[in-house]
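Undergrad: what's the 3D shape of this:
(one chain, ligands or ions: 1)
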Amino acid sequence: MIKCLIWDLDDTLWEGTLSEDRRVTLRPGIIEVLRSLDERGVLLSIASRNDHEDAMEKLKELGLAHYFIYPQIGWAPKAEGIRRIVSRLNIGMDAAAFIDDNPFEREEARACLPGLAVYEAGVYGQLPDFPEFQAPAITGEAGRRRELMLIRAEREDAERQFPGMREEFLRSCSMELMVRPARQQDLARVYELAARTNQWNNGLERVSQDVVRNYMEMGDKRLYVAELKDRFGDHGIVAVAMLDLLEEGLAEIRLFCISCRIEGRGIGNAFLGTVLELLQLDHPELREVRCGYKSESRNRPALMLLKLLGFTLQERKDDFSVYGLPLPVSYLTPDWIHVHSPRKATEPVEERNGDEVERRVISLVAKLWGRPEVGPETVLLGGRGILDSVTAVQLIAELENEFRVVFDEDDLLLESLSTVGNVVRFIEAKLN
Ligand SMILES: [Mg+2]
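TA: Numbering: from 1, shown residues only. Below you'll find the predicted structure:
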């Protein structure tokens, strides 16, 4: 499903070339197309070769500027602009589309950005009818998606300007997370979230509305949701977990998904941790919880989250693994998230006693990466690595400083730096 459509301007959104003649005219029916996509929650953006100020002024004059988020207007290659939009929205390239009248631009985008859907400008009128633009359900959140993304953009700007540490910033956000059983009126949103999320989605299973309803109604099933508010606004329902109570003290998380809009703040951890607490309060007889994981590169953050919560691999068949966690278990809520739940307001509890070197390495990597989802399996370098050469060098400098060790040139092997776990072993060997 396409979550963001990126528009060229000249001879695509309007007829004519703005830099040659300011009297461009909108293509017929274009406003209806923009409105229709916007209402169903498809985000709109721009990649155009034009003078930024001229183009924005024209868009304002035409009454369209408010539709577009993170417009990339300038003279750099469009592929660069598209990549920037996709990365700021934190969506996959396969959830983005680009429409342009110029075959060169289309081919360049196709070649540089695998996964991107590319359309010739002439089809704009049919876009709202294409299957990839059909929203699974129109919900309150869908209609507000652009507004919610703008709230996020505002938060990111505030974050960049915030003088203190990231944790101080997060504390200043006043995040309130309500974790509760789902209600009938949540059904459409739960279904939509399961259909849209990729990164924090363990099973990548697109469940039907009937299945969702079953999880609300059946005695041996549980469906929990989380709503998030912070000082930037009300984000609505941002996380879902569907659980089965099986016999012999075993529960299984069939599906959990967390909106990528709110990633990187520890919300996923707080949500699933609270779900496990609620589950244990209701079912103290439970001895284990399991969770399936369908392995695809795009949902690796979901695996990271399971590992952060202490889940370990039980079995694997092809691309499907089962992770397990013995119960009872308690967890640590980051102190910047205030968790509410109908049964219990969770208090921070003792952190799991991890290995000291590992804990410190994880914290350094999380700080450099700017995200908390780091564990021993986190890949640092290589195709799926989270570090580029610049941040890798920075990490080495910080490790040398933190552990009073020296990496000489022979130590800089790809193997010893490939994952967090390998870095930990390498440092432990150095220290001994
Ligand atoms: Mg053009």
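
Undergrad: Please make it C-alpha for all contacts and neighbour counts, starting now.
TA: Will do.

Undergrad: Stretch 52-66 vs the ion: in contact?
TA: No. Judged by Cα under 5 Å from the ion, stretch 52-66 stays clear of the ion, getting no closer than 12.7 Å.

Undergrad: Now that stretch: buried residues?
TA: For stretch 52-66, a neighbour-count test (16 or more other Cα atoms under 10 Å) marks 55-56, 58-59, 65 as buried.

Undergrad: Figure out the length between the terminal residues of stretch 176-189.
TA: By Cα to Cα, to the nearest Å, the extent of stretch 176-189 from end to end equals 19 Å.

Undergrad: Kindly report the same for stretch 195-210.
TA: End-to-end for stretch 195-210, by Cα to Cα: 14 Å.

Undergrad: picking up where we left off before, select from the buried residues of stretch 52-66 every entry located in strands.
TA: In strands, judged by DSSP state E, none of the buried residues of stretch 52-66 are found.

Undergrad: Which strand or helix spans the closest residue to Ser341 other than its chain neighbours?
TA: The shortest distance from Ser341 to any non-neighbouring residue, by Cα to Cα, 6 or more residues apart in numbering, is to Val179 (5.0 Å). Element membership for Val179 (DSSP states H and E) is strand 175-181.

Undergrad: now what about that strand, what contacts it?
TA: With Cα atoms under 8 Å, 6 or more residues apart in numbering as the test, strand 175-181 has contacts from 222-231, 267, 271, 274-275, 336-342.

Undergrad: after it, next one along is what?
TA: Counting by DSSP H and E, the next helix or strand C-terminal to strand 175-181 is helix 187-196.

Undergrad: Mind giving me the packing neighbours of that next one?
TA: helix 209-217, strand 233-246, strand 250-258 (3 or more Cα pairs under 8 Å, 6 or more residues apart in numbering; DSSP states H and E).

Undergrad: Only alpha carbons, please: show the last one as PDB.
TA: I take that to be strand 250-258. What follows is strand 250-258, C-alpha atoms only, in PDB (Å, rounded to 0.1, in the frame of the first residue of the first chain):
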ATOM      1  CA  LEU A 250       1.000 -20.700  27.700                       C
ATOM      2  CA  ALA A 251       0.000 -17.500  26.000                       C
ATOM      3  CA  GLU A 252       0.900 -16.400  22.500                       C
ATOM      4  CA  ILE A 253       1.200 -13.000  20.900                       C
ATOM      5  CA  ARG A 254      -0.300 -13.600  17.500                       C
ATOM      6  CA  LEU A 255       0.300 -10.100  16.300                       C
ATOM      7  CA  PHE A 256       1.700  -6.900  17.700                       C
ATOM      8  CA  CYS A 257       2.200  -3.700  15.700                       C
ATOM      9  CA  ILE A 258       3.300  -0.200  16.600                       C
END
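
Undergrad: That one pairs with which strands?
TA: Here strand 250-258 is paired, per DSSP bridges, with strand 200-201 (antiparallel), strand 233-246 (antiparallel), strand 288-294 (parallel).

Undergrad: from the chain's centre, how far out does it sit?
TA: 18 Å (Cα atoms, centre = their mean, to the nearest Å).

Undergrad: How is this structure partitioned into domains?
TA: Per the record, the chain has its domains at 4-133, 140-340, 356-431, by automatic domain parsing.

Undergrad: Out of those, which gets the lowest mean score?
TA: Ranked by mean pLDDT, the domains of the chain bottom out at domain 356-431, with a mean of 80.

Undergrad: Now the terminal residues of that one, how far apart.
TA: 13 Å.

Undergrad: quick one: it to chain centroid distance?
TA: Averaging C-alpha positions (Cα atoms, centre = their mean) puts domain 356-431 23 Å from its chain's average.

Undergrad: Check the gap between Thr333 and the ion for me.
TA: 49 Å (Cα to the ion, to the nearest Å).

Undergrad: wait, what's in contact with the residue in the stretch 101-250 of the chain that the ion sits nearest to?
TA: Residue of the stretch 101-250 of the chain nearest the ion, by Cα to the ion: Asp101 (5.1 Å). Asp101 makes contact with 8, 11-12, 120-122 under the criterion Cα under 8 Å, 6+ apart.

Undergrad: cool, and Glu285?
TA: Gly249.

Undergrad: measure it to Glu217 for me?
TA: 22 Å.

Undergrad: quick one on the thing from earlier: so of the strands paired with strand 250-258, which one's packed in deepest?
TA: strand 200-201 (a mean of 26; mean count of other Cα atoms under 10 Å).

Undergrad: where does this protein come near the ion, residue by residue?
TA: For the chain, the residues in contact with the ion (Cα under 5 Å from the ion) are 10-11.

Undergrad: center of the chain, which residue is that?
TA: By Cα atoms, centre = their mean, the chain has its centre lying nearest to Cys260, at 2.4 Å.

Undergrad: residues touching that residue, list them.
TA: 90-91, 197, 199-200.

Undergrad: got it, and Leu381?
TA: Residues near Leu381 by Cα under 8 Å, 6+ apart: 387-388, 392, 414, 417-419.

Undergrad: In TSV, list those residues along with neighbour count.
TA: Shown next, in TSV, are the contacts of Leu381 (neighbours: other Cα atoms under 10 Å):
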residue	neighbour count
Leu387	20
Asp388	13
Ala392	17
Leu414	12
Leu417	22
Ser418	18
Thr419	20
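
Undergrad: so of those, which ones are in helices?
TA: Those of the contacts of Leu381 mapping onto helices are Ala392, per DSSP state H.

Undergrad: quick one: contacts for His52?
TA: By Cα under 8 Å, 6+ apart, the contact set of His52 is 72-74.

Undergrad: returning to what we had before: could you turn the buried ones of the contacts of Asp101 into a ChimeraX selection?
TA: The buried residues among the contacts of Asp101 can be selected in ChimeraX (16+ other Cα under 10 Å) with this line:
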select :8,11,12,121
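
Undergrad: Buried residues in stretch 94-106, which are they?
TA: Applying 16+ other Cα under 10 Å to stretch 94-106 flags 94-101, 105-106 as buried.

Undergrad: Need the CA coordinates for that stretch. CSV is fine.
TA: Extracted in CSV, the C-alpha atoms of stretch 94-106 (Å, rounded to 0.1, in the frame of the first residue of the first chain):
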residue,chain,number,x,y,z
ASP,A,94,8.0,0.3,-1.2
ALA,A,95,5.4,2.4,0.6
ALA,A,96,6.3,5.5,-1.6
ALA,A,97,5.3,6.5,-5.1
PHE,A,98,6.5,9.2,-7.5
ILE,A,99,4.7,10.8,-10.4
ASP,A,100,6.5,12.8,-13.1
ASP,A,101,6.0,13.7,-16.7
ASN,A,102,9.6,13.4,-17.6
PRO,A,103,10.8,9.9,-18.6
PHE,A,104,14.4,10.6,-17.5
GLU,A,105,13.3,11.6,-14.0
ARG,A,106,11.1,8.5,-13.8
